[in-house]
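S.K.: Quick one: sequence plus predicted model below, questions after.
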Amino acid sequence: NTTAALATIRISVLDFGSLDESGGVAFLGADSNLEKKYALASWMRLEKDTLIIASGETKNVRVTIENRDSLSPGGHYGVLTFKVTGADDAQGTVGDTLIINQLFSTLVFVKKVGGEIYDLKFQGQEYKKNYISLPDTVHLRFQNNGNVHLVPRGVISVTDPFGRVVAKGIINQESALILPETLRVYPVRLDKLATSLVPGRYTLTTTYRYDGKDDFTIISSQFDFIPPIAIVIVLLLAVAFGWYAIRGRRHNGTKKALSSSGKPA
């Protein structure tokens, strides 16, 4: 307790699940629709549900996960919430003072061994297709069909028609989890490695796996790309060719005019 006053903390246990495909989490109470096979709160036991901490004092609280037969193999997910209460704790405002309820939490990930199922599926990828610019971000969509949380890993590369890598990105640098039986979208930023000069068909290759798996899965797609510098070069060549063609016609016209007047060309 780093404050000058006595602090009272109420501790609660809840289950949590995925909020949406962005990876956000939702704290879920007893009336939620969470898949019960992945719940954890019913197997979490608090040493105490209230802590009274004096100013400058530190206290620990023990939380036990009971490995009963009713706890099925695979992943289970719970959350501990800590609500700070006291004489000065209230909602709303008092005069010109804003009163804030303090509540913090910690997520608990448990994996019971003896029946885990690992099954990560690639559900597609999206990126902006533009003939004159390379994609800068790719959104990968994965589905976890197993019963434990997974951490996708891998790389995305973009190669030109000659096989030269011109852009590359790392999948899931934050080591974000995907929970069982959920979908999650992972944005991957592509960093430019070389200047693209060659127009033609480029290849975007996604190579991925999950933590604990040694071999990679490779997904490829192609798109047409015309580098702006190639467009500029073509335009300059066209202008130069046109200028020389016009100059050549003028020169030939002058020669013909001199020949018809009887003067030597």
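M.R.: Okay, I see it.

S.K.: partner residues bridging Arg209?
M.R.: With DSSP bridges applied, Arg209 shows beta-bridge pairing to Arg153.

S.K.: Likewise for Ser133?
M.R.: When bridges are called by DSSP bridges, Ser133 pairs up with Asn130.

S.K.: Pull the number of nearby residues for Ala41.
M.R.: Neighbour count for Ala41, taken as other Cβ atoms under 10 Å: 20. Backbone N, C-alpha and C define where each C-beta goes, glycine included.

S.K.: scratch that, Ser22 is what I was asking about
M.R.: 11.

S.K.: Gly56 and Leu6 touch, don't they?
M.R.: No. Between Gly56 and Leu6 there is no contact under Cβ atoms under 8 Å: 10.8 Å.

S.K.: quick one: which of those two has more around it?
M.R.: Shown here are Gly56 and Leu6; by other Cβ under 10 Å, Leu6 has more neighbours (13 against 9).

S.K.: which ones are touching that one?
M.R.: By Cβ atoms under 8 Å, 6 or more residues apart in numbering, the contact set of Leu6 is 52-55, 86.

S.K.: Got a quick PyMOL command for the buried subset of the residues you listed?
M.R.: Filtering these down to the buried ones (16 or more other Cβ atoms under 10 Å) takes a single PyMOL command:
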select buried, resi 53
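
S.K.: Out of the contacts of Leu6, which comes closest to Gly114?
M.R.: Closest to Gly114 out of the contacts of Leu6 is Ile53 (39.2 Å), distances taken as Cβ to Cβ.

S.K.: after the helix or strand harbouring Thr206, next one along is what?
M.R.: If you go by DSSP states H and E, Thr206 is part of strand 200-210. Remark: after strand 200-210, the chain's next helix or strand is strand 217-225, criterion DSSP H and E.

S.K.: helices or strands up against that next one?
M.R.: Counting contacts by 3 or more Cβ pairs under 8 Å, 6 or more residues apart in numbering; DSSP states H and E, strand 217-225 is packed against strand 120-126, strand 200-210.

S.K.: per-residue confidence at the residue nearest to Thr3 when sequence neighbours are not counted?
M.R.: Distance criterion Cβ to Cβ, 6 or more residues apart in numbering; nearest residue to Thr3, sequence neighbours excluded, is Ser55 at 6.2 Å. Note for Ser55: predicted pLDDT of 90.

S.K.: mind checking how far Ser55 is from Asn1?
M.R.: Distance, Ser55 to Asn1, by Cβ to Cβ, to the nearest Å: 6 Å.

S.K.: joint contacts of those two?
M.R.: Residues touching both Ser55 and Asn1 by Cβ under 8 Å, 6+ apart: Ala7.

S.K.: If you count neighbours, what's buried in the strand holding Thr206?
M.R.: 202, 204-206, 208-210.

S.K.: Correct me if wrong: Asp211 contacts Val151.
M.R.: Yes. Between Asp211 and Val151 there is a contact at 4.3 Å, judged by Cβ under 8 Å.

S.K.: Got phi/psi on the residue nearest to His76 when sequence neighbours are not counted?
M.R.: Of all residues not flanking His76 in the chain, Leu40 sits nearest, at 4.0 Å (Cβ to Cβ, 6+ apart). Taking degrees, to the nearest 10, you get phi -130, psi -20 for the backbone angles of Leu40.

S.K.: mind listing what Leu40 touches?
M.R.: 15, 65, 76-78, 108, 110.

S.K.: ok, of the residues you listed, which come out buried?
M.R.: Using 16+ other Cβ under 10 Å, the buried ones in the contacts of Leu40 are 15, 76-78, 108, 110.
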